[in-house]
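>>> this is a predicted model, with the sequence first.
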Amino acid sequence: MAERVLITGMGMVSAIGNNVEENFRSLRAQRSGLGYAQYVDTIHAGKLPVGEVKCSSEELAEMAGLTDATGFTRTTLLGLVAMQEALFSAGIKDPRDTPAAFINASTVGGMCDTEKIYFDILDPEKEGTFLQLIDTLDCADCTQRIADRAGLTAYVTTISTACSSSANALMYGARLIRAGLVERAVCGGTEALTRFTINGFNSLKNIDKRHCMPFDKDRNGLNLGEGAAYLVLESESFAQRRKARSMAELSGWCNTNEAFHPTSPSPEGDGAFEAMRKALAMSGRTVADVQYINVHGTATLNNDVSEGRALERLFGDNVPSFSSTKPFTGHTLAAAGAIEAIYSVLSINRQMIWPNLNFTERMEELRISPETRLLEESPVKNVVSNSFGFGGNNASLVISKYGN
Amino acid sequence: MEIKCYIQASAAISPQQSFEGSYEPQLLPLEARNLLRAQEPGYAGFIPPNSLRRMSRLLKMGLTTALQCLRNANAPVPGAIITGTGRGSLQDTEKFLHDIRTYEETALNPTPFIQSTYNSVNGLIALQQQCTDYNNTFVHRGFSFEHALLDSLLQIQEGAESVLTGGFDEMTLEHFFIKSRIGYWKSALTQPAEMLVSGTPGAIAGEGATFFLIGTAPGAVELMGMQMSYKPDAAGVSETLAQFLAQHGVKEEEIDLLVSGRNGDVRFDHFYDIAEKALTPATAKIHFKQFCGEYDTAGAFGMWTATQELLSGRHKTALIYNHFYGEQHTFILLQRH
C-alpha cells in the first residue's frame, strides 16, 4: 500500500494578497485583484486588465529578506516570498534536516526581466551589470535560486507544461514521495507578468478587455495574472513522526494529453473528462463524494465549453458547485495549478466555496452554470482542481479532508 | 526498482551521422566557431508537408527523432511521453522577441509564441501518434532529460508498459553569442579533436535530439538505474557514485565502459577525474561531447552512445556520468543481457 501524501504547509503571493491569509480574506470579501498594470512594461498596460501582484520587485525583495537582489528576477522574488511562507507554515525550521525535493514550475523563467535588456545583450558594444541576467533567460534559474536559499536540494527540477505546469509539479513531487525517494517535496510554480506572454495571448486573440467572465455566455477571453504558490507535501508516516499539522491530503491526480490540437481543447472535453475521472478513481472517491470543483475556467471561448461538457459528462445531473477563481487572480499560467490547489485546501479547511465572479448568463452549450455566491459553512470534504494547457496537457488533482 | 526497465529502441539527431545506418563517430572539423551543428535528416517521410512548412527547426528535430524511435521499436503508441529541454525552441522565442520590438506589440503572428512553449514538441508527438496518456516536460538545464528519465522509471513502476523519453535542444547563432558573453564557450576556435587537452575554460557548443523507448518487455540493454546530485562538491560526487553502485550491486571492476561528459572545460573537468579514478584502469572511456558538443540535454546523447556500445557487443556494463557546468550531475547504469 503506497503512502498517503499530505499537505503540511502552504505559501503564496497573488494579485489578491501577499500570503495565504490575505488571499483567503480577498476570496471571502469577493474582492478581485484585476486591474491595469503598474509594473509590467507593455503598450497594452492601460487596455488589458491583468492580475498583477501589488508590490514592486524592490518590495518583493525586501519581503523575501534579500539585502542584495542583483540577478534576482521578479519570477524568483515571487517564488521566494511564497516559499518562505510555505516552509514557515509547515513548521520547518531548517529544511536541510531532511533530504527534500523542490519541484518548481515556470513557463518563461526570468523573461520578465530579460526582455527589458535582451537587445542590450545582443549588442556587443554594450557592457554592464545586465550581463548577470543572461542566465536568468531559462526556467532553471529561478528554481535553483529558490532551492539554494530554501535548502531544498535532494531533487531539484522545473516542469513546463504551459498552464498545467504546477499541477504537474505537485503530481511529480507526490510520486517521488510515494516511490520512497524522498519524504518531503515542496512543489508549485512561479510566474511573473511579461510583455512576451501578454503579447502572446493577445496575438491569439485570447484576452478579454473586460474582467474575465468564466462560463458566461458573453465571455471573450482570459486576463493574465502573476503570482507564486508552493505546497509542502509529506508522506503520512513522516508527517506523523514529526507531528506536522496536516492541512489536507493530495489523494488523487491524473495527467492526460488530449491529442486534439496544439492550442485548443476538444469540444466534448475528452481530456478534461479523463483527467478528472482517473484522478477521482485514484483517490478512491466517487463523483458523489465531490463537493466543489475549482475549474480551470479561463473564460476563453473554447476552454469553458470543453470543460463544461466534461463536467456534465462526468457528473451527469448532479454537477457539484464549481467556480473559476481566475476573475480574482487572473490566469497565472505556471503558478495557477498551485494557487488553485491552495484555494481548494482553504475551501476544505474553512468550509467555504468561492464565488465565480462576473457571471450573469448561462452558456447556450451547457445546462450548468457556476456558483456565483460565496457559500459559507458549506461542508467540503473533496475538491477537484483542474489545470489544462497548450499542447493538450490536462491535469486534475483531488484534494481531500485528511482523515476523511 | 522492482520492475526491470529495458531500452527497447532509440533514435538520435546529432552533429554525427546518427539518425540511420551504422554509427561511426567522427571528430568533426570546425571552421567559424565552436559550435557543432546537428545534421538534420529529410523530414518528408515523417511530417505531412502542410505541418512541415509551419514548424520551426527544433520542433521538426524533436518530433522526427521521436517518430523514428517509435518506428525502430515498431510501437506506434507509447504508454507515456516524457521529455526534457533546457531551452525549448530558441528560434521561436527569439523570433517573438524580435517581432514584439519590430512591430511594437501590434498585429503579431502567434505561431512563434505557440511554438516557443516548452511542451510544444510533446504535444505534437501526442497529437501525431494519438497518445492520450501521461505527458510531461522538464526544463532544467542538466536535469531536463534526466528528470524525464526518472519520471519514466516511476511511470513504469506505477504500471506503464512503455514510455517514450527524450531530450532535445538547439543552438542558434544569436543564443551562441549571448552565452559567449558569460563564458559558456571556449574563446579561441578549438577543434573537437583537441578540446580535451585545450587547457582552457568553456566548452564547444552542440545540439541534438535523442529519444528512447523504455519499457518492461525484456530487451538487450537494461536500464539498471540512475542517480542525480545537485551542486555536489568533489567528496559528494565520490560518495554518490559509491552509494549508487552499491545500491545496484555493481562492483567498480564490473564496469567495462565509462561514457563521460568530459568537455575540456578546465573549470569543471576535475569532477570527471573522480569517476575515472573510482573505476579500474582497464575500463574503456568515451568522452561523448567530442561528438555532440555541450548542451542542456547532451546527457541523452551520452546514454544513446552507451546504448550503441552495448548493442555492438564490445562492452557489457556501462556507467554514464555527466554534469552540466558543474551543477547538475547524473550517473546512469546500463547493462547488456
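In hand now; what should we look at?

>>> neighbours around the closest residue to B:S180 other than its chain neighbours, how many?
Nearest in space to B:S180, with sequence neighbours left out and distances taken as Cβ to Cβ, 6 or more residues apart in numbering or on different chains, is B:S187 at 7.7 Å. For every residue, glycine as well, the C-beta is placed using N, CA and C. Neighbourhood size, B:S187 [other Cβ atoms under 10 Å in any protein chain shown]: 11.

>>> which residues touch A:V305?
By Cβ atoms under 8 Å, 6 or more residues apart in numbering or on different chains, the contact set of A:V305 is A:P267, A:G269, A:M363, A:E365, A:L366.

>>> next step: the residues you listed restricted to strands.
Of the contacts of A:V305, none are assigned to strands by DSSP state E.

>>> and those as JSON lines, adding neighbour count and pLDDT?
Shown next, in JSON lines, are the contacts of A:V305 (neighbours: other Cβ atoms under 10 Å in any protein chain shown; pLDDT from 0 to 100):
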{"residue": "A:P267", "neighbour count": "12", "pLDDT": "92"}
{"residue": "A:G269", "neighbour count": "28", "pLDDT": "95"}
{"residue": "A:M363", "neighbour count": "18", "pLDDT": "98"}
{"residue": "A:E365", "neighbour count": "13", "pLDDT": "97"}
{"residue": "A:L366", "neighbour count": "18", "pLDDT": "98"}
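
>>> quick one on the thing from earlier: and the residue nearest to B:S180, what pLDDT?
pLDDT recorded at B:S187 is 97.

>>> can you report phi and psi for it?
The phi and psi torsions at B:S187 (degrees, to the nearest 10) take the values phi -80, psi -40.

>>> list the contacts of it.
By Cβ under 8 Å, 6+ apart, the contact list for B:S187 reads B:S180, B:T200, B:G202.

>>> of these, buried ones?
B:S180, B:G202 (16 or more other Cβ atoms under 10 Å in any protein chain shown).

>>> could you dump the contacts of B:S187 into a markdown table and include secondary structure, pLDDT and distance to B:Y272?
Formatted as a markdown table, the contacts of B:S187 follow (DSSP: H, G, I helix; E, B strand; the rest coil; pLDDT from 0 to 100; distance: Cβ to Cβ, whole Å):
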| residue | secondary structure | pLDDT | distance to B:Y272 |
| --- | --- | --- | --- |
| B:S180 | helix | 97 | 23 |
| B:T200 | strand | 98 | 16 |
| B:G202 | coil | 98 | 16 |
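
>>> so how far is A:R195 from B:E104?
According to Cβ to Cβ, to the nearest Å, B:E104 stands 11 Å off from A:R195.

>>> looking at those two, which one has more neighbours?
Between B:E104 and A:R195, counting by other Cβ under 10 Å, A:R195 is the more crowded of the two (21 against 10).

>>> correct me, but that one touches A:E115?
Yes. A:R195 is within contact range of A:E115, at 5.5 Å (criterion: Cβ atoms under 8 Å).

>>> hey, what's in contact with both of the two?
Shared contacts of A:R195 and A:E115 (Cβ under 8 Å, 6+ apart): B:I100.

>>> count of residues packed around residue 225?
Using chain A here. A count of neighbours around A:G225, defined by other Cβ under 10 Å, yields 28.

>>> chain B is the one I meant
18.

>>> elements contacting the helix or strand hosting it?
Following DSSP states H and E, one finds B:G225 within strand B:221-230. Under the contact criterion of 3 or more Cβ pairs under 8 Å, 6 or more residues apart in numbering or on different chains; DSSP states H and E, strand B:221-230 touches strand A:155-159, strand B:5-13, helix B:145-157, helix B:234-247, helix B:298-311, strand B:328-336.

>>> tell me which of the ones you listed is the most buried.
With neighbours defined as mean count of other Cβ atoms under 10 Å in any protein chain shown, the helices and strands packed on strand B:221-230 peak in mean count at strand A:155-159, which reaches a mean of 29.

>>> which residues touch that strand?
So strand A:155-159 is in contact with A:101-106, A:139-140, A:142-144, A:147, A:165-166, A:168-169, A:172, A:176, A:181-182, A:185, B:136-140, B:143-144, B:147, B:228, B:230, going by Cβ under 8 Å, 6+ apart.

>>> fine by me, we can end here.
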